[in-house]
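> One predicted model, sequence on top.
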Amino acid sequence: MELKINQQTKHFNAESLSVQSLLDLEIPYKQNGIAVAINNTVVPKTKWNEFLVQETDEILIISATQGG
């Protein structure tokens, strides 16, 4: 499966991945304070386990930061 994550094309040896499975592969230790959008649509955290990403999806993972 080929996905575009934060403007980088990545390949995965899986036919299907949930958003949560993808995050477990990409950022296993830093999943608090993040938001995920797939094809410009935000996926609520409550849907991460059931929402499946599709071949060639464009995924944006945004991490909240502190600052002023």
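Structure's in. What do you need? Not measured: the values here are computed from a predicted model.
> Count the neighbours of the nearest residue to Val42 once chain neighbours are set aside for me.
If you skip the residues right next to it in sequence, Val42 has Ala35 as its closest partner in space, 6.2 Å away by C-beta to C-beta, 6 or more residues apart in numbering. Heads up, the C-betas are built off the backbone N, CA and C, glycines and all. By the measure other C-beta atoms under 10 Å, the count of residues near Ala35 is 13.
> Beta-bridge partners for Ala35, please?
According to DSSP bridges, Ile62 are recorded as the beta-bridge partners of Ala35.
> can you pull the contacts of it?
Contacts for Ala35 (C-beta atoms under 8 Å, 6 or more residues apart in numbering) come out as Val42, Ile61, Ile62, Ala64.
> just the buried members of those residues?
Neighbour-count burial (16 or more other C-beta atoms under 10 Å) applied to the contacts of Ala35 gives Ile61.
> what would the contacts of Ala35 look like in CSV with distance to Gln31?
Listed next are the contacts of Ala35 as CSV, based on distance: C-beta to C-beta, whole Å:
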residue, distance to Gln31
Val42, 16
Ile61, 10
Ile62, 12
Ala64, 12
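> Out of the contacts of Ala35, which one has the lowest pLDDT?
When the contacts of Ala35 are sorted by pLDDT, the bottom entry is Ala64 at 80.
> now it: how far from Ile34?
As judged by C-beta to C-beta, to the nearest Å, Ala64 and Ile34 stand 7 Å apart.
> about what we covered before: specify which member of the contacts of Ala35 is nearest to Gln7.
Relative to Gln7, the closest of the contacts of Ala35 is Ile61; by C-beta to C-beta it sits at 10.9 Å.
> and the residue nearest to Leu23 when sequence neighbours are not counted, what element?
Ranked by C-beta to C-beta, 6+ apart and with sequence neighbours excluded, the top spatial neighbour of Leu23 is Gln31, at 5.7 Å. Secondary structure here is read from DSSP states H and E; on that basis Gln31 sits in neither a helix nor a strand.
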